[in-house]
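Visitor: Give me the fold of what follows.
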Amino acid sequence: MRAWIIGNGPSLRQHLERGDFDLLHQRGEVTFAMNKIHLLYELGDTSWVPTNYLFFEAMGNAARLETYDWVPYVSGWIKSGVRCYIDETFRPRLLSEFGAPNVQPVYWKDERRADGIFDNVIWVRRWICHGASALHEKRPESWHLPEMCCYGGSMNIAAQLAFMLGHEPVYLIGCDLGFQDDRGADADPNHFHPDYWTADDFPLSTRDTTLRHMHSIIRKEFEKMGRHIYNAGIGGKLDVYERVDLREVLE
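Guide: Predicted structure coming up:
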């Protein structure tokens with residue numbers, strides 16, 4: 001079954017205005033969304049709800065995460081019943097939010113059953129064994145499954161999950177690149193919502209280079225196994241994948 005991975009770039013506003021999210025909902029498409037996707041619902045009405053939600057925020061300076069109130073929206077997705085894949089480092093804070101005891105968690109690909117507290121949550125261990133930038137001499141050139149590679153951010157993890165769950169083909173939207181300098185800006189120019197912002201502190205000058213390299217790894221890993229992944233987004237500067245039209249794929 002095919003799947004759609006939803007990035008958080010500015011073009012998501014156009015997809016929402018065009019009714020693409022409602023179309024995904026009407027067609028019963030499997031989707032993966034991540035991090036602050038909840039802000040999409042502030043921009044307009046849609047019946048769409050992601051099939052899978054991922055939270056792997058704060059890939060940069062962990063101390064800056066304290067300035068972001070992530071607990072309400074992550075716990076909101078858990079309460080909604082959506083299947084959630086969450087970085088295991090956030091587990092203690094979420095357990096505290098729910099007043100739950102520190103029982104044995106269920107990890108990705110773990111055969112143990114859920115503990116009855118977070119039945120719809122799968123905790124994922126990120127694996128860091130390389131540089132975080134494409135300019136680093138130890139940058140990765142492939143995935144290292146079954147350990148989840150976090151190089152480039154949440155989009156890479158979403159692609160690995162979709163791959164390991166057997167989805168074929170996979171389509172991306174909202175992966176725009178073309179990062180702009182947001183220092184001193186009143187509105188976030190790099191995401192679909194003006195108040196999105198992130199805890200990411202990687203240098204702006206390396207973001208597009210690193211993300212383009214991340215996407216080249218994703219495409220290589222899919223094609224190595226005879227699988228397919230496409231860019232179905234509107235506009236943007238991501239040129240790693242073959243472009244397709246979302247409406248043509250769905251209709």
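Visitor: the strands in the protein, which residues?
Guide: 3-6, 30-34, 52-55, 83-87, 121-124, 126-127, 148-149, 170-173, 229-231 (DSSP state E).
Visitor: export these to TSV and tack on mean pLDDT, distance to residue 208 and mean neighbour count?
Guide: Placement of C-beta: from N, CA and C, glycine included. Formatted as TSV, those follow (pLDDT from 0 to 100; distance: least, Cβ to Cβ, whole Å; neighbours: other Cβ atoms under 10 Å):
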stretch	mean pLDDT	distance to residue 208	mean neighbour count
strand 3-6	98	19	26
strand 30-34	98	19	23
strand 52-55	96	22	24
strand 83-87	93	24	20
strand 121-124	89	26	21
strand 126-127	78	22	16
strand 148-149	90	19	22
strand 170-173	98	16	25
strand 229-231	98	15	22
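Visitor: Which one of those strands lies nearest to residue 142?
Guide: Closest to residue 142 of these is strand 148-149 (Cβ to Cβ; 8.5 Å).
Visitor: what helices or strands is that closest one leaning on?
Guide: strand 126-127, helix 154-164 (3 or more Cβ pairs under 8 Å, 6 or more residues apart in numbering; DSSP states H and E).
Visitor: again, 6 Å this time
Guide: In terms of contacts (3 or more Cβ pairs under 6 Å, 6 or more residues apart in numbering; DSSP states H and E), strand 148-149 is not packed against any helix or strand.
Visitor: still on that earlier bit, out of the strands of the chain, which gets nearest to residue 19?
Guide: Residue 19 sits nearest to strand 170-173 of all the strands of the chain, at 13.2 Å, using Cβ to Cβ.
Visitor: what are the pairing partners of that closest one, and which direction each?
Guide: Its sheet considered, strand 170-173 pairs with strand 3-6 (parallel), strand 229-231 (parallel) by DSSP bridges.
Visitor: Might you calculate how far it sits from the centre of the chain?
Guide: Put simply, strand 170-173 sits 11 Å off its chain's centre (Cα atoms, centre = their mean, to the nearest Å).
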